[in-house]
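> Okay, here's the prediction I keep looking at, along with the sequence it came from:
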Amino acid sequence: MDRLISLEPSKVVAVRVEPGEKCRGKLTLRNEMHTMPVAFRLQPLNRARYTVRPQTGIIPPLAALTLEIAYHLSPGSTLPEAFPSSGDSFLLHSVVAPGAAVKDAPSSLDSVPLDWFVAKKKQVFIDSGVRVTFVGSAVLARLVSDEDPSLEEVREVLERSDPVWRAVDSVDPATGQTLLQLAVSRGRPDLVQLLLEFEPDLEYTGGSGRTPLEAAAAAGEALIVELLLARRASTARSPASAMGPLHLAAAGGHAEVVRLLLARGTDPDEPAADGRTALHLAVEGRRRDCAKLLVEAGCRVDARGGAEGDTPLHGAAAAGDEATARLLLRRGGLACKGARNARG
């Protein structure tokens, strides 16, 4: 036999780091012996940084015991010295204890004599492979915010996180943004694609006031927009935002994003918070390519919006854009030509 105790779920302990909470993880030891109890001792090599509870104990045959491993942050620090992987390791000693009493399990915890683990007459098994990796929102937010984030490290932390935690929806305490919003703001489609594998909340607005799709549309990130649309992100304006994805793309002159949104069935006449449509915004910004796409998609050229109740034609006139004015007149005819705003 090469071991007395097996480790669950693995030899790598996931220690969760969350703002304002104790940093801790769990490791389950299972006695592989069918008839005899086994005594154990788990020691951190860096005793100033870690506390193990219980550190020693006796496990009945084929039974299991879960330990808590706590990490102590340096004063004033919110993150471990190294993450997500740590170079810190532990020594697990185990020895058969045939005469040990295990009827009252709690009494055997942290009370095993240390000389039991001295290899004189007994065979003591020593496992030095126990390691720590740090997970949690603080770790993920820092990894994603790095100038050159490691996809492998982000994936490792997400995979080692308990699904109940919804780690992929972790929020950066500094910005109020989710991991997905951070990836969008960095213009990283590869990182966005990785996060989408873990099914994040696509409609969260948080501190930015925009959904990931709205943020990507505003930035003209066509590939990211396409990835989000493939996951059925809503193309409608979110309640927290003054403008929806189509408004933001049109205002920014991002024709390819406008094309993608329209192809996905986005309502071209959806009003922004002030009543203006995407066509209003494209015309006012002299975004001719976007205006043409919207007109071809059937956007109403006589829609009114803004404080003065302007039509897109008013915007073209104010911008001195004769070419766009002609386009609107061809589509709106006399009704558009005779439209008046609040100023007449």
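Good, I have the coordinates.

> Any buried residues in stretch 69-87, and which?
I69, Y71, L79, P80, F83, P84, S86 (16 or more other C-beta atoms under 10 Å). Using the backbone N, CA and C atoms, a C-beta is placed for each residue, glycine as well.

> In those, find the pair that's most separated.
Spanning the widest gap among the buried residues of stretch 69-87 are I69 and L79, at 17.2 Å by C-beta to C-beta.

> can you list the residues that contact stretch 145-161?
If you take C-beta atoms under 8 Å, 6 or more residues apart in numbering as the criterion, stretch 145-161 is touched by 12, 14, 16, 84-85, 133-136, 139-140, 143-144, 167-168, 172, 182, 186, 188, 190-191, 194-195, 198.

> So which residues of the stretch 101-250 of the chain form helices?
Taking DSSP state H, counting those that start in this stretch, the helices of the stretch 101-250 of the chain run over residues 137-145, 151-160, 179-185, 189-196, 212-219, 222-230, 245-252.

> Can you give the contact residues for the fourth one?
It stands for helix 189-196. 144, 149, 151, 154-155, 168, 179-180, 183-184, 212, 221, 223-224, 227-228, 231.

> repeat that for 7 Å
Applying C-beta atoms under 7 Å, 6 or more residues apart in numbering, the external contacts of helix 189-196 come out as 144, 149, 151, 154-155, 168, 179-180, 183-184, 223-224, 227, 231.

> Buried members of those into PyMOL, please.
Here is the PyMOL command that selects the buried residues among the contacts of helix 189-196 (16+ other C-beta under 10 Å):
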select buried, resi 144+149+154+168+179+180+183+184+223+224+227
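
> Would you check the contacts of helix 189-196 and say which has the weakest pLDDT?
Ranked by pLDDT, the contacts of helix 189-196 bottom out at P149 (90).

> just to revisit the earlier point, can I get the buried residues of stretch 69-87 in CSV with pLDDT, secondary structure and distance to L262?
As requested, the buried residues of stretch 69-87 are exported to CSV (pLDDT from 0 to 100; DSSP: H, G, I helix; E, B strand; the rest coil; distance: C-beta to C-beta, whole Å):
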residue, pLDDT, secondary structure, distance to L262
I69, 97, strand, 53
Y71, 97, strand, 51
L79, 94, coil, 44
P80, 94, coil, 47
F83, 94, coil, 43
P84, 95, coil, 41
S86, 89, strand, 49
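
> Can you lay out those residues as CSV showing distance to V301?
Formatted as CSV, the buried residues of stretch 69-87 follow (distance: C-beta to C-beta, whole Å):
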residue, distance to V301
I69, 66
Y71, 62
L79, 54
P80, 59
F83, 55
P84, 54
S86, 62
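
> and A263, which of the helices of the stretch 101-250 of the chain is closest to it?
helix 222-230 (8.7 Å).

> quick one, the closest one and helix 245-252 angle?
On the basis of axes from the mean of the first three to the mean of the last three C-alpha atoms, to 10 degrees, helix 222-230 is oriented at 170 degrees to helix 245-252.

> ok, now how distant is C290 from A249?
7 Å (C-beta to C-beta, to the nearest Å).

> Common neighbours of the two, please.
Between them, C290 and A249 share the contacting residues V258, judged by C-beta under 7 Å, 6+ apart.
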